[in-house]
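> Sequence below, structure please.
(one chain, ligands or ions: 1)
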Amino acid sequence: MITEKMQDALNGQLNKELFSSYLYLAMAAYFEAESYAGMARWMNLQAQEEHEHALKFYDYLIKVNARVKLTAIDEPQFEWESPAAAFQAAYKHEQFITQSVNDLADLAMNERDHATAAFLRWFVDEQVEEEATVSEIVDNFKMIGDSKSALFMLDRELGQRTNAPDTTAN
Ligand code: OFO
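Modelled structure (predicted):
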């Protein structure tokens, strides 16, 4: 059994993961509207991945006999200045999520909640991956600058993303 404080914090993260999914789906829709099909596909898959993250928190809470409490999801931004600005915003968001996961890990340690600390380990590692991936895309945008043909190529490349949401059990 976990403490009520830990339960509330995990429910808070569940909400943040759902918001991440919502935000990336909004970005996917923005890319669709701007005719960047590859970026739209990439973001759509990212939105699915975030939904899977939310479900990992859901499953864990159930497993430890805690109560899942779903709360309102904030409305995500609707429009971005450019594709580069959207990916920059995604990178900033991932940094925010990393901080949030680290805070959760601190709480688990302070509570001497070893089971939750072990559960969170996957998310700590995942955030390293997520930040690295989005940061690389942000760098690509910086390199291509105003080149329309390079932007077209980048869209094609991002559209190659195939990975399905991660479903590894936690
Ligand atoms: Fe859930 O990893 Fe991104 O936000």
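> Quick check: residues of this protein near the ligand?
Glu17, Ser20, Glu50, His53, Glu94, Ile97, Glu126, Glu130 (CB under 6 Å from any ligand atom). For the C-beta atoms, the positions are set from N, CA and C on the backbone; glycine is no exception.
> Just put those in CSV and tack on pLDDT and secondary structure.
Below are the residues of the chain next to the ligand laid out as CSV (pLDDT from 0 to 100; DSSP: H, G, I helix; E, B strand; the rest coil):
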residue, pLDDT, secondary structure
Glu17, 98, helix
Ser20, 98, helix
Glu50, 98, helix
His53, 98, helix
Glu94, 98, helix
Ile97, 98, helix
Glu126, 97, helix
Glu130, 97, helix
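> Any stretches of the chain with poor pLDDT?
Counting by pLDDT under 70, the ranges of the chain that qualify are 164-170.
> repeat that for 50
Scanning the chain for pLDDT under 50 picks out 167, 169-170.
> Name the nearest residue to Gln160, sequence neighbours excluded.
Gly38 (7.5 Å; CB to CB, 6 or more residues apart in numbering).
> what about the one you found, helix or strand, and which?
Assigned by DSSP states H and E, Gly38 falls within helix 37-63.
> Pull the distance from that helix to the chain's centre.
Helix 37-63 has its C-alpha centroid displaced from the chain centroid by 7 Å (CA atoms, centre = their mean, to the nearest Å).
> Helices of the chain, residue ranges please.
For the chain, applying DSSP state H gives helices covering 4-33, 37-63, 83-110, 114-144, 148-158.
> helices and strands around the first one, which ones?
If I follow you right, that is helix 4-33. Here helix 4-33 touches helix 37-63, helix 83-110, going by 3 or more CB pairs under 8 Å, 6 or more residues apart in numbering; DSSP states H and E.
> what does the third one give?
Using 3+ CB pairs under 8 Å, 6+ apart as the contact definition, the elements that helix 83-110 packs against are helix 4-33, helix 37-63, helix 114-144.
> Which parts of that helix count as buried, going by neighbours?
83-84, 86-91, 93-94, 97-98, 100-101, 104-105, 107-108 (16 or more other CB atoms under 10 Å).
> Repeat that for the first one.
Judged by neighbour count using 16+ other CB under 10 Å, the buried positions of helix 4-33 are 6-7, 9-11, 13-31.
> go on, the last one?
Across helix 148-158, burial judged by 16+ other CB under 10 Å covers Leu151, Leu154, Asp155, Leu158.
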